[in-house]
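[1] Here you go, sequence then predicted model.
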Amino acid sequence: MISAVDTNILLDILLPDEHYYHSSKTLLDKAYREGGLIICEAVYAELACQFEEPGALEEFLADTGIRLLPSSRQALREASIAWRTYTRQRGRQLQCASCGQLQTLSCSHCGATLTSRQHIITDFLIGGHALVQADRLLSRDRGFYRLYFPKLKVNA
């Protein structure tokens, strides 16, 4: 089974995050035993800034058995379809990364609706890559991926 890995799982281990380190490490180790681990270019780019030495990221990937697998045209097409859906319907609500629920928040000072460009194209590139080139995605952003990539199996 091929598992694509989202940046948040790897950052939980690299930084390390007190709350998520153990669960992310366990998830990654289990997925490694079950088959290959891959990342797309977007995850590679997001990780690269965490390493001072140019070869350190390559060493980390080699040590963990994670392969950089370039996105296919089909994966990019899936990402663009989901991105188009998102940009057409995102409105003014914010989305919970865990469950996908949309919420409207107001400023406690003036009452204006708070908005954010909550997702960027990188999130969609990761989803499209996992959908087409892996059997599942390891990510903590389950709600987001379930909403925009309903056929994608997401483990967290």
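    Good, I have the coordinates.

[2] now residue 51: how far from residue 57?
    Taking CB to CB, to the nearest Å as the measure, residue 51 falls 5 Å from residue 57. Glycine gets a C-beta too; all of them are placed from N, C-alpha and C.

[3] between the two, who's got more neighbours?
    Using other CB atoms under 10 Å as the criterion, residue 51 and residue 57 rank with residue 57 on top: 17 against 14.

[4] Residue 141 contacts residue 122, correct?
    No: Residue 141 lies out of contact with residue 122 (CB atoms under 8 Å); the separation is 11.5 Å.

[5] More neighbours: which of the two?
    Neighbour count, other CB under 10 Å: between residue 141 and residue 122, residue 141 has more, with 23 against 16.

[6] Do you know the pLDDT at the more buried one?
    pLDDT for residue 141: 87.

[7] Output the contacting helices and strands for the longest helix along the chain.
    If each helix of the chain is counted by residues according to DSSP state H, the longest one is helix 73-89. Taking 3 or more CB pairs under 8 Å, 6 or more residues apart in numbering; DSSP states H and E as contact, the helices and strands that helix 73-89 lies on are helix 121-133, helix 142-148.

[8] Dump these to TSV, plus distance to residue 94.
    TSV is the format used below for the helices and strands packed on helix 73-89 (distance: least, CB to CB, whole Å):
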stretch	distance to residue 94
helix 121-133	14
helix 142-148	11
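
[9] Deepest-packed of the ones you listed, please.
    helix 121-133 (a mean of 23; mean count of other CB atoms under 10 Å).

[10] tell me the angle that one makes with helix 73-89.
    If you take axes from the mean of the first three to the mean of the last three CA atoms, to 10 degrees, helix 121-133 sits at 140 degrees to helix 73-89.

[11] Show me what helix 121-133 is packed up against.
    Counting by 3+ CB pairs under 8 Å, 6+ apart, helix 121-133 packs on strand 3-5, helix 41-48, helix 73-89, strand 136-138, helix 142-148.

[12] one more time with 6 Å
    If you count contacts as 3 or more CB pairs under 6 Å, 6 or more residues apart in numbering; DSSP states H and E, helix 121-133 packs onto helix 41-48, helix 73-89.
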